[in-house]
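Asks: okay, sequence plus prediction incoming.
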Amino acid sequence: MREPAFWYRPHSPLSHVLFPLGALYGAVTAWRMQRDGVDAGIPVICVGNYHVGGAGKTPTVLALTKLLRELGETPVVLSRGYGGRLKGPVMVDRARHAAADVGDEPLMMARDVPVTVARDRLDGVALAKSQGATVILMDDGFQNPGLFKDASLIVIDSERGLGNGQVFPAGPLRAPLQAQLARTDALVLIGDGRAANDV
């Protein structure tokens, strides 16, 4: 999704007009985030972001994969497979899957770590555990309440920050910032910018 420029302007008439829709969307998402998810039976580490669009989650997942392996764990990445046609659950196989099947990021990550794609994350967890996973690395899904997260790491692009701080569609946030901060265990800043200093 191409982000509209007004999301990154402090005062925009369009953002003001869309504010009521953003408030409604944000209230629903914040309410959903308060629900307790299902325990996977093994640790789940979620790598997410506060806003729509990319922020550097994939490199963070790969760095965590390396760290977990050094600690003797067997991580498996769980992804919804954004952009792919397969609903899963399916283990990504670079020899037979294309980006159109499983999404470009899961296909790329599968070079370094086992990746399961599943629209239903609980089905994905079951498949990952059947592959010997001792820890699940969720690629996105921070705002989704279906699965209990043992830790949530939020990735922020320090050049873009959080834009105008408004909730979609008035701004880039997926839910009100305070509701998301309450569920956050750590922030990971990518880059040397200062746009994220106010988080």
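Replies: Perfect, I can see it now.
Asks: chain center to stretch 124-134, what's the gap?
Replies: Its chain's C-alpha centre and that of stretch 124-134 lie 19 Å apart, by C-alpha atoms, centre = their mean, to the nearest Å.
Asks: please save the CA atoms from stretch 77-97 in CSV.
Replies: Presented in CSV, the C-alpha positions along stretch 77-97 are these (Å, rounded to 0.1, in the frame of the first residue of the first chain):
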residue,chain,number,x,y,z
VAL,A,77,8.4,-18.0,11.6
LEU,A,78,4.6,-17.7,11.5
SER,A,79,3.2,-15.4,8.8
ARG,A,80,-0.2,-14.6,7.2
GLY,A,81,1.5,-14.6,3.9
TYR,A,82,0.4,-11.2,2.8
GLY,A,83,0.2,-10.9,-0.9
GLY,A,84,0.0,-14.7,-1.4
ARG,A,85,-2.9,-16.8,-2.6
LEU,A,86,-2.5,-19.8,-0.2
LYS,A,87,-4.5,-19.7,3.0
GLY,A,88,-2.4,-22.5,4.6
PRO,A,89,-1.3,-23.8,6.8
VAL,A,90,1.7,-24.6,4.6
MET,A,91,5.4,-24.7,5.1
VAL,A,92,7.1,-22.4,2.6
ASP,A,93,9.1,-24.4,0.1
ARG,A,94,11.3,-22.2,-2.1
ALA,A,95,11.6,-25.1,-4.6
ARG,A,96,7.8,-25.1,-5.3
HIS,A,97,6.3,-21.9,-4.0
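Asks: so what strands line up beside the least confident helix or strand in the chain by mean pLDDT?
Replies: In the chain, no helix or strand scores lower on mean pLDDT, DSSP states H and E than strand 186-190, which sits at a mean of 91. In the sheet, strand 186-190 lines up against strand 151-157 (parallel) (DSSP bridges).
Asks: the strand it pairs with: which residues count as buried?
Replies: Under the neighbour-count criterion of 16 or more other C-beta atoms under 10 Å, strand 151-157 has S152, L153, I154, V155, I156, D157 buried. Glycine gets a C-beta too; all of them are placed from N, C-alpha and C.
Asks: which residue ranges of the chain form strands?
Replies: 44-48, 75-79, 90-91, 115-117, 135-139, 151-157, 186-190 (DSSP state E).
Asks: now V113: closest residue in space that isn't a chain neighbour?
Replies: Nearest residue to V113 in three dimensions, chain neighbours excluded: T65, at 4.5 Å (C-beta to C-beta, 6 or more residues apart in numbering).
Asks: number of nearby residues for the one you found?
Replies: The tally of other residues near T65 (other C-beta atoms under 10 Å) stands at 20.
Asks: check P10 too.
Replies: P10 has 8 nearby residues by other C-beta under 10 Å.
Asks: cool, and A175?
Replies: When neighbours are counted by other C-beta under 10 Å, A175 registers 23.
Asks: ok, the one 4 residues further on next?
Replies: By the criterion of other C-beta under 10 Å, A179 has 21 neighbours.
Asks: which residues sit in contact with the spatially most central residue of the chain?
Replies: With distances taken as C-alpha atoms, centre = their mean, the residue of the chain nearest its centroid is D140 (1.7 Å). By C-beta atoms under 8 Å, 6 or more residues apart in numbering, the contact set of D140 is C46, V47, G48, N49, K57, S79, R80, Y82.
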